[in-house]
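Participant: Task: produce atomic coordinates for the following.
(one chain, ligands or ions: 1)
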Amino acid sequence: MNESDALAVVTGAGSGMGRAIALGLAESGRRVAALDINEGTAQETVEMIRGKGGDATAFQLDIADAEAVVAVRDEVVAHYGTARIVVNNAGWEEIHPFMETTTDFRIKIMSINLLGAMAVSHAFLEGMIAEGLGGRVVNISSDAGRVGSSGEVVYSGAKGGLIGFTKALAREMARHKICVNCVCPGPTDTAMLHGAPKKLTDSLARVIPMGRLAQPEDVMHAVRFFTSDDTSYITGQTLSVSGGLTMAG
Ligand SMILES: NC(=O)c1ccc[n+]([C@@H]2O[C@H](COP(=O)([O-])OP(=O)(O)OC[C@H]3O[C@@H](n4cnc5c(N)ncnc54)[C@H](O)[C@@H]3O)[C@@H](O)[C@H]2O)c1
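Facilitator: Take a look at the predicted model:
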């Protein structure tokens, strides 16, 4: 991980935390492959990075489509070479009481939030392992996956699964000098939360010890920590970025 211009693949790079992470890693000198189901917003992120002198390219991808993941991995590698950093940030949810959810909804939540991260990791780790230079995977889970969240039962299951996936993958990847860690944001001021009633976000801000929602940049700093050259002995860890809302052991 000694080259500062190592390629970082960021999923969901067209909005919220993914955009902040892509910009933050580019600011650290990383080349960035900005993946998103929404090509237009990914391209906007790329223009922002290029505007600051960075190197980034947008790739359209639905991470729930396993065949498309492999095809886009091939495009990214053809363009930039092997990825050294993968940030599984793309996610999706809608708030519904569990008993009102349908099978299709549950499959969609799992396909994007858990299986998508697995597919992207599997695709990009192949080259990372073969190259033998080590690397980093950072999974963006959620505090919902650590402590559970009403109205987000399936999502909590997917995000909890992502934490277990992180730990087990970290064990398998350690021999390849690839660190795998997990960041769990608390309520964060992004499009995902903008659909929630203001009354709910105001009350969340009141119970957060730091007295405010997270900003996407708060999460980006945790990702930069896990992808820095100084953290090559930290793996399998779960870090909440929640202003003290959850203090899970
Ligand atoms: N906002 C919060 O309060 C909060 C809290 C905890 C965890 N998270 C997690 O943080 C991550 C980032 O979320 P955000 O708040 O920035 O949300 P966001 O909605 O602003 O951004 C999500 C991005 O993922 C992309 N995306 C969605 N489905 C995709 C798919 N199938 N394939 C590829 N890209 C897809 C979207 O187009 C969007 O650009 C997600 O994993 C989310 O679950 C969010």
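
Participant: Tell me which residue is most central in this structure.
Facilitator: residue 89 (1.9 Å; C-alpha atoms, centre = their mean).

Participant: so that residue makes contact with residue 13?
Facilitator: Yes - counting by C-beta atoms under 8 Å, residue 89 touches residue 13, with 7.3 Å between them. Using the backbone N, CA and C atoms, a C-beta is placed for each residue, glycine as well.

Participant: where does the residue in the chain sticking out farthest from the centre land in three-state SS?
Facilitator: Largest separation from the mean C-alpha position in the chain: residue 99, at 28.1 Å (C-alpha atoms, centre = their mean). Under DSSP: H, G, I helix; E, B strand; the rest coil, residue 99 falls in the helix class.

Participant: mind checking the longest strand of this structure?
Facilitator: Among all segments of the chain classified by DSSP state E, the strand with the greatest residue count is strand 178-185.

Participant: Show me which residues of the next helix or strand after it are buried.
Facilitator: From strand 178-185 onward toward the C-terminus, using DSSP states H and E, the following helix or strand is helix 191-194. Across helix 191-194, burial judged by 16 or more other C-beta atoms under 10 Å covers residue 192.

Participant: With stretch 69-83 instead?
Facilitator: 69, 72, 73, 76, 77, 80, 82, 83.

Participant: Where does pLDDT dip in this structure?
Facilitator: 1-2, 249 (pLDDT under 70).

Participant: Return the residues of this structure in contact with the ligand.
Facilitator: 11-12, 14-18, 36-38, 41, 61-64, 89-92, 112, 116, 140, 142, 185, 187-188, 190-193 (C-beta under 6 Å from any ligand atom).
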